[in-house]
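In: With the input below, show me the fold.
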Amino acid sequence: PGHAPVQYFNRLPRKCESDVVFVLDPVIASSKTTMAVIGILKKWGVPKIHLVSVLASSEGLAIIQEAHPDVYATIGMVDGGLTSGGILLPGMGDCGDRLFGTISSTQEEDKDDDSALVVPPGKRK
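Out: Here you go, the predicted structure:
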């Protein structure tokens, strides 16, 4: 379900001088994004990776543990399953929208109404 993750930004130095890296992912559903990040970090040469997440699906967590048994994980709660679209249920909604204020409470009630869209002001003038 879903699409492959897209790398938008990577500013890792050429040489890895880190002993441990903490990967912070608020919600792990299918684990595709987390698996991509772990792969990038291992290729870069990180010796120890620690995954921290508020919520994870049991399916996504099992995929990570099977592929990367050397990655440590601290998970707040393991949630039920995924929908056919790869959405974690019951989940907690879109963390990015909540974090950056890109959706209002009225828009959550009526997702077809664009008039309530909240756009954070830009820093550039």
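
In: Can you give me the neighbour number for Leu41?
Out: Counted by other Cβ atoms under 10 Å, the residues lying close to Leu41 total 19. (Glycine included, C-beta is placed from N, CA and C.)

In: Show me what the host helix or strand of it is in contact with.
Out: Here Leu41, judged by DSSP states H and E, is contained in helix 32-44. With contact meaning Cβ atoms under 8 Å, 6 or more residues apart in numbering, helix 32-44 is reached by 2, 4-5, 7, 10, 12, 16, 21, 23, 25, 28, 49, 51, 53, 60, 63-64, 67-68, 71.

In: okay, the residue nearest to the spatial centre of the chain: pLDDT?
Out: The centroid of the chain falls nearest to Asp25 when counting by Cα atoms, centre = their mean (4.0 Å). Looking at Asp25, its pLDDT reads 91.

In: Identify the residues contacting it.
Out: For Asp25, the contact set (Cβ under 8 Å, 6+ apart) comprises 33-34, 37, 51-53.

In: Could you pick out the buried ones from these?
Out: With neighbours counted using 16 or more other Cβ atoms under 10 Å, the contacts of Asp25 contain these buried positions: 33-34, 37, 51, 53.
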